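>>> fold the stuff below for me.
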Amino acid sequence: MDKILRIDMGAKGGPKVSEGPLGDYAGLGGRAMTSSVVSKEVPPLCHALGAENKLVIAPGMLTGSAAVISGRLSVGCKSPLTGTIKEANSGGQGGIALARHGYAAVILEGKPSTDDLYKIYISKKGVKISVDNSLKMLPNYDLVNKMKAEYGDKIVCISIGPAGEMKLGAASVAVTDMETRPSRHAGRGGVGAVMGAKGVKVIVIDTADSKIRQPKDAEKFKEANRKFTEGLRSHAVTGQALPKFGTNVLTNILCEAGGYPTYNFKEGSYKDGAKISGETFAEIETKRGGKATHGCHTGCVIQCSGTYVDKDGNFISKQPEYETVWAHGGNCGISDPDTLAKLDFLDDNYGVDTIEMGVTIGVAMEAGLLPFGDGEGALKLVEEVGKGTPLGRILGSGAEVTGKAFGVERVPVVKGQALPAYDPRTVQGIGVTYATSTMGADHTAGYAVATNILKVGGFVDPLKPEGQVELSRNLQIATAAIDSTGMCLFIAFAVLDQPETFQALVDMINAFYGLSLTGDDVTALGKKVLSMERDFNARAGFSAKHDRLPRFFSTEKLPPHNLTWTMKDEELDQVYNW
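Numbers count the residues shown, from 1 in each chain. You can find the predicted model right below:
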């Protein structure tokens, strides 16, 4: 990856393509790349849907190589949902395809003066951009089928659905998986709306004759990769629980811990949790002829995804993730797996973040638009979003907008972004991450659940504030670094428990690039990324007062532990003091 592809969508006479060397961005990948470009090149006070914002799409440092589970893709911009800097992360084949074409980043700049819709085609022959208004308002699955008919089967698509075209705050960027299904999403922060504002419907990447990236020291790289793989496969989470039951293995665990937000964050355990658990989904998938174990991209050795089919064996959706099952399930009181799989498909097809959409529907239920537990009603609400009705546009703008529109007090958001599937009153470490993350409420920014609940990397009592600031700080630093490598965040389970697996990761990076990095250098990278992001946010007008949870977490006790959020503001303000 030795070049950056820039596409000025607002150039006079039509979109203009330019390729250049990495320059100041040499050695960066993934989140380090997206946050560096956004922090340096995007005016923090710009309108997120305006010409000054940029959408940066970047493979990780090891993406496209033989390194296992290294195919993640980062999508960065100023977020139209939060107003902060944003990096949304996705699996699928997009990162691998771009990396193997030599691109360390694709940067969409400017804004078209017309309402024409564009497609971008990348192949070994170069880059071609063309107007194709026949794609307008196509859902992602129909769009990808049309691209396959036009360009053949050896393609990868990075696309938006109708939500992105309408520039809705919950809009995601879809990335096709190994079966060329648009089932993997850079979901959070409204990155799809920014792609829509650039007038780009789809980026098609031709993978014919693309070649794997080669390391500087092949033997050392191969040995480090082997040790790294062994570490992942030997760990109880990455080698057993996730492959067998997927991320949704957490449903029963969090219900038992009392940290599973239910009925729009009123209760901490769902009475029907077992009906929508990872164990139940795996059983249904296996019985019907789907798959309970599946990878989202080439080279995945954890295989935490799956394929969900109906009673006749017809595809409904990818195996819904834990966050998706929670957001549409326990949070909304919906306990039918088929309905949850259909909601997952609709979210992917229309191009909306499943967390934001599920939390939004929970807020709508709180407002009385439909009762908790109404699965059919929830499906109809997502259809409203896809159609772009007035109600659909409100819902597609996210939980905060929906709460304001319908006068709801309990709206679980930080910096405008919906909270994920862990209640901070009983998982206090994740509450610190929600409050202080540079990107609004985001569990992946510093996954304290690992240590609070799963006892990975030690144990910090989830019910008490002591030790949570240090835990979240260290995890946020580590996460920023991992997001830059292109590695799946789930490697953290093994890395936290196995020093030799962490060393194998460092050895892989060194062998690939001919470097001599240490563990301290990896930590320094994470701090550098976070510092850039914090600086951008400060220039955009954010301060310590924005690093707070909604008031109701401090005033409403959560059953079954009947606890409130007790972390003091002055403690939260210490997270970035390293």
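
>>> average pLDDT across stretch 490-501?
The pLDDT scores in stretch 490-501 average 95.

>>> pull up the distance across that stretch, start to finish.
End-to-end distance of stretch 490-501: 13 Å, with C-alpha to C-alpha, to the nearest Å as the criterion.

>>> so Val75 sits in a strand?
Yes. Looking at Val75 with DSSP: H, G, I helix; E, B strand; the rest coil, it is inside a strand.

>>> for it, give the beta-bridge partners.
Ile57, Ala88 (DSSP bridges).

>>> ok, it touching Ala186?
Yes. Counting by C-beta atoms under 8 Å, Val75 touches Ala186, with 4.0 Å between them. To be clear about C-beta, it is placed using only N, CA and C from the backbone, and glycine gets the same treatment.

>>> what do these two both touch?
Shared contacts of Val75 and Ala186, defined by C-beta atoms under 8 Å, 6 or more residues apart in numbering, are found at 88-90, 173.

>>> give me phi/psi at the residue nearest to Cys304 when sequence neighbours are not counted?
If the residues on either side of it in the chain are set aside, Cys304 comes closest to Leu242, at 4.0 Å by C-beta to C-beta, 6 or more residues apart in numbering. Backbone torsions for Leu242, taken as degrees, to the nearest 10, come to phi -70, psi -40.

>>> so who does Leu242 touch?
Leu242 neighbours (C-beta under 8 Å, 6+ apart): 249, 302-304, 490.

>>> considering those residues, which possesses the most neighbours?
Cys304 (27 neighbours; other C-beta atoms under 10 Å).

>>> where does the residue of the chain most remote from its centre land on pLDDT?
Distance from the C-alpha centroid of the chain, by C-alpha atoms, centre = their mean, peaks at Gly13 (35.0 Å). Per-residue confidence at Gly13 stands at 93 (pLDDT).

>>> which element is it on?
Counting by DSSP states H and E, no helix or strand carries Gly13.

>>> so who does Ala104 touch?
1-4, 22, 25, 28-29, 33, 58-59.

>>> in helices only, show me those.
Met33 (DSSP state H).

>>> give me the buried entries from the contacts of Ala104.
Burial by neighbour count, 16 or more other C-beta atoms under 10 Å: within the contacts of Ala104 this picks out 1, 4, 25, 28-29, 33, 58-59.

>>> re earlier: farthest-separated two in the contacts of Leu242?
With C-beta to C-beta as the measure, no two of those lie farther apart than Val249 and Gln303, at 13.0 Å.

>>> contacts only, for Val385.
The contact partners of Val385, by C-beta under 8 Å, 6+ apart, come to 162-163, 168, 170, 350, 352, 357, 392-393, 395-396.

>>> how about the helices in the stretch 51-200 of the chain?
94-100, 140-151, 162-165, 191-197 (DSSP state H, counting those that start in this stretch).

>>> right, so these: which one is the most enclosed?
Comparing these on average neighbours per residue, with mean count of other C-beta atoms under 10 Å, the densest one is helix 191-197 at a mean of 30.

>>> may I have that helix exported as CSV, CA atoms only?
C-alpha atoms of helix 191-197 as CSV (Å, rounded to 0.1, in the frame of the first residue of the first chain):
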residue,chain,number,x,y,z
VAL,A,191,-20.7,7.6,7.7
GLY,A,192,-23.2,6.5,5.0
ALA,A,193,-24.7,9.9,5.0
VAL,A,194,-21.3,11.5,4.2
MET,A,195,-20.8,9.1,1.3
GLY,A,196,-24.3,10.1,0.2
ALA,A,197,-23.4,13.7,0.4
